[in-house]
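1. next come a sequence and a model predicted from it.
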Amino acid sequence: MKHQDIIEATTQWVREQLWNEHTGHDWHHIERVTKTAKALALKEHADLVVVTLSALVHDLADDKVVESEEGGLQAIKAWFSERKLDKETIDHILSIITSMSFKGGNGEPMATIEGQVVQDADRLDALGAVGIARTFIYSGSKGQPMYDPSLPTRESMTLDEYRNGNSSAIHHFHEKLLKLKDLMNTDAGRSLAKERHQFMEQFLDQFHNEWNGTLEEGRG
């Protein structure tokens, strides 16, 4: 199959699998990440085929979404092999999607510009207004509270603690999201992350004012 045919088939395959996903890692997330990754790839002169396919399938082997990462990886490998994608490209895609997750701050550095671009695009979707909305969707899906001020903010965590420890949506900002700005790989990614980071800081200030019953006058 031609690369464009593989991309179109993969787009449909991923859409069907993630359309009804309810943790904020649904098809619309994939679509946004893919669009952003392609834009970053053009700026960074990265391989557009590798970037596009990696962005499309990156959550099909994520333990936040699937029961088995290994099973997800095998399914992705089989999908591309059946469509005669070359082994070097398949291996590159698998390397990217196994290294890009934050994993409580325990993720691996990206070895290629394609991986850096896809990772930046995924992290950008965790920031800003969309990132805020996704945080509360994910926390709700896991039965976590909106906020619990009695919980400590965890500075360092094992992967198991990150996935299964007690936390809240607001804690997630401090445990992960506010750290992402300084973990971006590309200049364009850093610029976009800075703007979205500032928006999240404003949101948190407003949230804590309202949570604590602080009355602010002079607005509006």
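-> In hand now; what should we look at? Since the model is a prediction, treat every value here as computed from it, not as a measurement. Residues are numbered from 1 along each chain as shown.
2. show the end-to-end separation of stretch 145-156, please.
-> 21 Å (Cα to Cα, to the nearest Å).
3. just the buried residues of it, please?
-> For stretch 145-156, the neighbour count (16 or more other Cβ atoms under 10 Å) marks residue 154 as buried. C-beta coordinates here come from the backbone N, C-alpha and C atoms, glycine included.
4. okay but residue 14 is in contact with residue 31, surely?
-> No - contact between residue 14 and residue 31 fails when scored by Cβ atoms under 8 Å: they sit 9.2 Å apart.
5. who's more crowded, those two?
-> When residue 14 and residue 31 are compared on other Cβ atoms under 10 Å, the one with more neighbours turns out to be residue 14, at 23 against 17.
6. the more buried one and residue 30: what is the separation?
-> In this view, residue 14 and residue 30 are 6 Å apart by Cβ to Cβ, to the nearest Å.
7. between the two, what contacts are shared?
-> Common neighbours of residue 14 and residue 30, counting by Cβ atoms under 8 Å, 6 or more residues apart in numbering, are residue 56.
8. give the contact list for residue 193.
-> 120, 123, 124, 127, 180, 181, 184.
9. can we see that at 10 Å?
-> The contact partners of residue 193, taken as Cβ atoms under 10 Å, 6 or more residues apart in numbering, are 120, 123, 124, 126, 127, 128, 180, 181, 182, 183, 184, 186.
10. again, but for residue 36
-> Contact partners of residue 36, counting by Cβ under 10 Å, 6+ apart, are 55, 117, 118, 120, 121, 122, 123, 124, 125, 188, 189, 192.
11. sort out for me which of the residues you listed are in strands.
-> Among the contacts of residue 36, no member is found in strands (DSSP state E).
12. and of those, the nearest to residue 153?
-> When the contacts of residue 36 are ranked by distance to residue 153 (Cβ to Cβ), residue 123 comes first, at 19.8 Å.
13. excluding its backbone neighbours, what's nearest the closest one?
-> Distances taken as Cβ to Cβ, 6 or more residues apart in numbering put residue 180 closest to residue 123, at 4.8 Å, once the chain neighbours are dropped.
14. run a quick neighbour tally on that neighbour.
-> Applying other Cβ under 10 Å, we find 22 residues neighbouring residue 180.
15. check residue 76 too.
-> Each residue near residue 76 was counted by other Cβ under 10 Å, and the total is 24.
16. again with residue 20
-> By other Cβ under 10 Å, the residues close to residue 20 number 8.
17. I figured it hits residue 27, correct?
-> Yes - between residue 20 and residue 27 there is a contact under Cβ atoms under 10 Å: 8.8 Å.
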